[in-house]
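In: starting from these lines, generate the structure:
(3 chains)
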Amino acid sequence: MKKLLLAATALALTAGMGLAQTTVRMGTEGAYPPYNFINEAGEVAGFERELGDELCKRAELSCTWVKNDWDSIIPNLVSSNYDTIMAAMSINEERKAVIAFTQDYLPPAPSSYVALQEGVDLEGGVIAVQTGTVQASHIAETGATMLEFPNIDQVLAAIRNGEADAGFGDHEVMRPFVEDSNDLVFVGEQVKLDEGIGVGLRQSDTELREKLDAAITAMKEDGSLNTLIKKHFGDDAQTYE
Amino acid sequence: MFSYCSDPSVLDGFAWLSCYLTTGTHMLFYASFGVVLLLLAITAPIALLFGYGGAMASRSRIAPIRWFGRIYTAMVRGVPDIIFFLFVPIALDQGLEWLRHKALCDSDAPVRQGNDFVVCAAAKLPLSTSPEWVHDIYAMTLAVIAFSVVFGAFAANVLYGAMQAVPRAQLETAEAYGMTPRQVTRRILVPQMWTYALPGLSNLWMILIKATPLLFLLGIEDIVYWARELGGAKTSSFAYPHPDWRLYYFLVVLVFYLLMTWVSERVLGRVTARLTQGQATLAGEAQRKAVAP
Amino acid sequence: MSCAQTILDYGLRSLGIGERLLPRSDFTLCQQVTLIGSGLIWNLYFAFFALLFGFFLATGLALAKTSTNPWLRKPADGFIFLFRGSPLFIQFFLAYEALVLLPRAGVEIFGLTVATSWLAKAWAGALIVLTLNTAAYSAQNFHGALMSVPKGDIEAAEAYGMTGWTKFRRVLWPTMLRLAWPSYTNEAIFLFHATTLVFFSGFPAFQQRGDSLYYASYFAGQTFNPFVAYPIVAGYFILCTLALIGLFGIVNRRLNRHLPGAARRIRYRPQVIR
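Out: Residues are numbered from 1 along each chain as shown, chains lettered A, B, ... in the order given. The predicted structure is shown next:
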């Protein structure tokens, strides 16, 4: 009897394992507030965490979050160490050559210049940026002298200590720092650099892309995506029509 | 942590600090010191093993094995460790998955699909169904292997030198007693080489300690990762906003490393004294004279 | 675009000469090899000058460390402990933080304004850190060598009536160098490898002028493929390391030329590698 019970349990367990979908591993950087960051409890948090969990719920997937350094985030995706990238990754041509994207879940995000005062020379001065970002590619093409730092803290420090005349970065990332500080201001015109932000996937992973695409469409239609954007980026943030 | 921490925005002074320093992320920061120590403790013996293998291979009578040993030590020593860490772990991961793919998958689907490296679900390392801690262990294992390969090459270099330094006469005496080459190695060469190898190995240990900030490149969240993460300016959207405090965090890390080296120097000094006892070296001679005036 | 043209355009890019924009698409192997090779100029620059300045500083430190005067010995001990006991990675960070704190306008000394902003630039700031770092490690080597200078050598020098500077220059110093040279070679290799950390974690790259690792990570970031650019850097470094070993071997032979049978190849006794 006992043996039979054991066998039955084992059978149920294996059956259960067969039914449960494989876990989708969601890669993110965890160092780009408010898109994604590590909260005080040490977990991934932010807009993308909340959106990603909601997308997984709608697509009926079970998801876990994985942190990865920005520099190697795409190589690790294509070598299947995780299955998606949700890390404020702008959709652009170079990336599309290597990975696939879902439709955008954030409209094209503006990038802004930050400086200590108005009137700095944005065309010919020294501009600090974060290495490996779309903003860095943009500054390399302007006449400005580019100074590259590995993270946003060093960019802001460089503006404050005069190493750079201005910094250039994602508007939503810079905004909390500017609002909190009493010295930094936004200067010049905002620039739109990308085609919006989407979920990055392996090109061979069409099934997952369709599922996530459908979930994003559904969230756009019922307005829940806009609500989420407003919650994290404020009421003035750009939303979908 | 403490009951009064539920609303940090009303706290100030010591209470704020006590709550701030006990947040979940800070706990992870403290734990990462343990992670670094653990990794050092695991890596050191494995690297020594790699080094022993490399040194023995370099001494081999069979030419291809000898070439392999020599090329291994020369190659790895010629490349900065940081560059090694930037591509070897990914290559290692793909290599293992490719082998498992060949063995475990029945589909003929190619592993490379365009830019993608895709193996069947059964060949994934670790399986995507496995819990998070398995992934963590796997990442740790890769890091340990990568570190061991690099530091094994340095250790091989040190051990090779130490084996050469063991007085020929001692080995010849053993041979004269009728010991086989294997016995000579086991009974004379290996026990005697340590005194010559120790200075080099202790330096290697120091280098290993100071190479741990590179763990971050291998996806391990080490102390430098957390120092940078926690020290970075936190805006008011965080529960504990503060300006750029990276300097203080890095000073803490600096103190940790200085302490580690200080303790290591003390311990290794003792071990050296122990090992030189009765050795036919200058230091051993000096010790003998000091004891018997 | 032919490969010769690429070399003309990007061969000296790391110094700011040639094409301003880095390649953005259709990356060729030639471009990668050229640009990474161009970045190697910085690695060689840092290694050469840090070793040059560090060598003299190390000699001074080693002498201070042997001194009986605690006012000389203690600071030298502290300096060596600090720089040998902490990762270079953290030294770069702290040095950069400290150097950018210097006032931009310069420091007033006796009515003269001394410009300080150049110190925060990689070419100067990182060179200072690397120099101090290698000086600490080499000083430890040199100190060990000084302690093992045979007593008879010194007695012989004194018997010839040599004192002070002459004794040091003609007996102590050459013997110290001869004894320390194998481990100093190792130190030089390590320092050369450490130059890759300058732009990786310490100092900002200015106008995309960086070292070989900077360009390699640029290419790896643009092509999303780490398996081409990083092995190229590795190849360059293996070649340079071999050249460095050869160069130090020549010096070693010269240092040992008076000793019978010492002209054999340099043997690395890796006792004192970092």
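In: the nearest residue to C:Gly125 once chain neighbours are set aside: what's it in contact with?
Out: Among residues not flanking C:Gly125 along the chain, C:Leu99 sits closest, at 5.0 Å (C-beta to C-beta, 6 or more residues apart in numbering or on different chains). For glycine as for every other residue, the C-beta is placed from the backbone atoms N, C-alpha and C. Each residue near C:Leu99 by C-beta atoms under 8 Å, 6 or more residues apart in numbering or on different chains is listed here: C:Leu119, C:Ala120, C:Gly125.
In: C:Leu99 belongs to a helix?
Out: Yes: checked against DSSP: H, G, I helix; E, B strand; the rest coil, C:Leu99 lies within a helix.
In: now the buried members of the contacts of C:Leu99.
Out: For these, a burial check counting by 16 or more other C-beta atoms under 10 Å in any protein chain shown picks out C:Ala120, C:Gly125.
In: just curious, which of the contacts of C:Leu99 is nearest to A:Val199?
Out: Nearest to A:Val199 among those: C:Ala120, at 39.7 Å, using C-beta to C-beta.
In: distance of the closest one from B:Asp222?
Out: For C:Ala120, the distance to B:Asp222 equals 27 Å [C-beta to C-beta, to the nearest Å].
In: quick check: which ranges of chain C have low pLDDT?
Out: Within chain C, the stretches with pLDDT under 70 are C:1, C:103-114, C:260-274.
In: C:Leu132: neighbour count?
Out: Residues contacting C:Leu132 under the criterion other C-beta atoms under 10 Å in any protein chain shown number 19.
In: let me fix that, I meant to ask about B:Lys210.
Out: As a burial measure, B:Lys210 scores 21 neighbours (other C-beta under 10 Å).
In: try A:Glu241
Out: When neighbours are defined as other C-beta under 10 Å, A:Glu241 has 5 of them.
In: helices of chain B, start to end?
Out: In chain B, the segments counted as helices under DSSP state H are B:13-20, B:24-58, B:63-78, B:81-104, B:132-165, B:168-176, B:181-184, B:190-211, B:223-231, B:246-276, B:282-291.
In: least reliable of those by average pLDDT, please.
Out: With a mean of 73, helix B:282-291 has the lowest mean pLDDT of the helices of chain B.
In: which residues are contacting that one?
Out: Helix B:282-291 has contacts (C-beta under 8 Å, 6+ apart) with B:Thr195, B:Thr272, B:Ala273, B:Thr276, B:Gln277, B:Gly278.
In: can you pull up the most central residue in the chain?
Out: Just so you know, I chose chain A. A centroid search over chain A (C-alpha atoms, centre = their mean) returns A:Ala88, at 1.9 Å, as the residue closest to the centre.
In: the intended chain is chain C.
Out: For chain C, C:Ala47 is the residue whose C-alpha lies nearest the centre (C-alpha atoms, centre = their mean; 3.5 Å).
In: which SSE is it in?
Out: Using DSSP states H and E, C:Ala47 sits in helix C:29-66.
In: show me which positions of that helix end up buried.
Out: Within helix C:29-66, the residues that count as buried by 16+ other C-beta under 10 Å are C:30-43, C:45-47, C:50-51, C:53-55, C:57-59, C:61-65.
In: which elements pack onto it?
Out: Judged by 3 or more C-beta pairs under 8 Å, 6 or more residues apart in numbering or on different chains; DSSP states H and E, the packing partners of helix C:29-66 are helix C:3-10, helix C:70-85, helix C:122-147, helix C:173-194, helix C:212-223, helix C:226-255.
In: deepest in the core, which of those is it.
Out: Among the helices and strands packed on helix C:29-66, the stretch with the highest mean neighbour count (mean count of other C-beta atoms under 10 Å in any protein chain shown) is helix C:212-223, at a mean of 25.
In: hang on, the earlier thing: separation between the residue nearest to C:Gly125 and chain B?
Out: For C:Leu99, the distance to chain B equals 13 Å [C-beta to the nearest C-beta, to the nearest Å].
In: save the helices of chain B as CSV, and put in distance to A:Gln130 too.
Out: Below are the helices of chain B laid out as CSV (distance: least, C-beta to C-beta, whole Å):
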stretch, distance to A:Gln130
helix B:13-20, 26
helix B:24-58, 22
helix B:63-78, 32
helix B:81-104, 19
helix B:132-165, 25
helix B:168-176, 59
helix B:181-184, 58
helix B:190-211, 26
helix B:223-231, 14
helix B:246-276, 15
helix B:282-291, 53
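In: how long is stretch A:75-91 from one end to the other?
Out: With C-alpha to C-alpha, to the nearest Å as the measure, stretch A:75-91 spans 16 Å from end to end.
In: likewise stretch C:19-30?
Out: One end of stretch C:19-30 to the other measures 15 Å (C-alpha to C-alpha).
In: tell me the buried residues in that stretch?
Out: Buried residues in stretch C:19-30 (16+ other C-beta under 10 Å): C:Leu22, C:Pro23, C:Phe27, C:Cys30.
In: my read: B:Val144 touches B:Ile42, true?
Out: Yes: the pair B:Val144 / B:Ile42 is scored as a contact, 5.5 Å apart, by C-beta atoms under 8 Å.
In: excluding sequence neighbours, find me the nearest residue to the spatially most central residue of chain B.
Out: Nearest to the geometric centre of chain B sits B:Thr43, at 4.0 Å (C-alpha atoms, centre = their mean). Nearest non-adjacent residue to B:Thr43, counting by C-beta to C-beta, 6+ apart: B:Phe147, 4.7 Å away.
In: same thing with C:Gly39?
Out: C:Ser212 (3.8 Å).
In: can you give me the distance of that neighbour to B:Leu171?
Out: The spacing between C:Ser212 and B:Leu171, counted by C-beta to C-beta, is 45 Å.
In: same deal with C:Gly144?
Out: Per C-beta to C-beta, C:Gly144 is found 28 Å from B:Leu171.
In: thinking again about what came up before, the residue nearest to C:Gly39: what's it in contact with?
Out: Residues near C:Ser212 by C-beta under 8 Å, 6+ apart: C:Ile36, C:Gly37, C:Gly39, C:Leu40, C:Trp42, C:Asn43, C:Thr196, C:Val233, C:Tyr236, C:Phe237.
In: try 6 Å
Out: Contacts for C:Ser212 (C-beta atoms under 6 Å, 6 or more residues apart in numbering or on different chains) come out as C:Ile36, C:Gly39, C:Leu40, C:Asn43, C:Val233.
In: got it, and C:Phe168?
Out: With C-beta under 6 Å, 6+ apart as the criterion, no residue contacts C:Phe168.
In: returning to that earlier point: ok, now which ones touch the residue nearest to the centre of chain B?
Out: Residues near B:Thr43 by C-beta under 6 Å, 6+ apart: B:Val144, B:Phe147, B:Ser148.
In: list the contacts of the last one.
Out: Going back to what we said before, that points to B:Ser148. Applying C-beta under 6 Å, 6+ apart, we find B:Ser148 in contact with B:Thr43, B:Ile46, B:Ala47, B:Phe50.
In: same check, this time on the first one
Out: Taking C-beta under 6 Å, 6+ apart as the criterion, B:Val144 is in contact with B:Ile42, B:Thr43.
In: repeat that with 10 Å
Out: B:Leu38, B:Leu39, B:Ile42, B:Thr43, B:Ile46, B:Ala47, B:Leu215, B:Leu218, B:Ile220 (C-beta atoms under 10 Å, 6 or more residues apart in numbering or on different chains).
In: tell me how far the residue nearest to the centre of chain C lies from chain A.
Out: Taking C-beta to the nearest C-beta as the measure, C:Ala47 falls 22 Å from chain A.
In: then C:Lys65?
Out: Note on C:Lys65: its distance to chain A, by C-beta to the nearest C-beta, is 36 Å.
In: and for C:Phe203?
Out: The value you get for C:Phe203 to chain A, if C-beta to the nearest C-beta is used, is 9 Å.
In: for that residue, which non-adjacent residue is closest in space?
Out: Distances taken as C-beta to C-beta, 6+ apart place C:Ala122 nearest to C:Phe203, at 3.7 Å, with adjacent residues excluded.
In: all set, thanks.
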